[in-house]
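**Student:** here's a sequence, model it:
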Amino acid sequence: MTRINAREIVIHLIFHMHYTKESPDEAIVTRFADGYYETLQEENDVYAERPSRKQMAYIRGTVGGIAARREELEGYIARYAIGWRLERISVLVRAILELAMYEI
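**Tutor:** Next comes the predicted model:
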């Protein structure tokens, strides 16, 4: 698995957490549960292989960091999305923006 694939999984997890209100740990346990992860392979090639330890550390750290700073990140999005209320921005776009800002 590449870092790009791990990054895409982070976006999926952040998107998932917006809807379920799960904690980062809960979302990761759900997504990476034996049996469930394998079903995701059928839907998206990014799940073709499991992440390595290094990639899992990146995923856990990034998802946890974004969740911990979500209020701050959403504040920036709301502030700089001129002409757009935060609620009008799709959850997918917000997840991508949160990841991008967190990594910067």
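**Student:** which residues are contacting stretch 78-87?
**Tutor:** Applying C-beta atoms under 8 Å, 6 or more residues apart in numbering, the contact partners of stretch 78-87 are 74, 77, 89, 94. For glycine as for every other residue, the C-beta is placed from the backbone atoms N, C-alpha and C.
**Student:** again, only using 6 Å
**Tutor:** Stretch 78-87 is contacted by no other residue when judged by C-beta atoms under 6 Å, 6 or more residues apart in numbering.
**Student:** pLDDT averaged over that stretch - what is it?
**Tutor:** When pLDDT is averaged over stretch 78-87, the result is 90.
**Student:** likewise stretch 47-58?
**Tutor:** 93.
**Student:** other SSEs contacting the lowest-mean-pLDDT helix or strand in the chain?
**Tutor:** Every helix and strand in the chain was compared by mean pLDDT, DSSP states H and E; the lowest is helix 36-43, with a mean of 87. Helices and strands touching helix 36-43, as assessed by 3 or more C-beta pairs under 6 Å, 6 or more residues apart in numbering; DSSP states H and E, are absent.
**Student:** what about the residue nearest to residue 48 when sequence neighbours are not counted, distance to residue 15?
**Tutor:** Excluding the flanking residues, the one nearest residue 48 by C-beta to C-beta, 6 or more residues apart in numbering is residue 41, at 5.8 Å. Between residue 41 and residue 15 the computed distance is 18 Å (C-beta to C-beta, to the nearest Å).
**Student:** swap in residue 46?
**Tutor:** Separation of residue 46 from residue 15 (C-beta to C-beta): 13 Å.
**Student:** with that, I have no additional questions.
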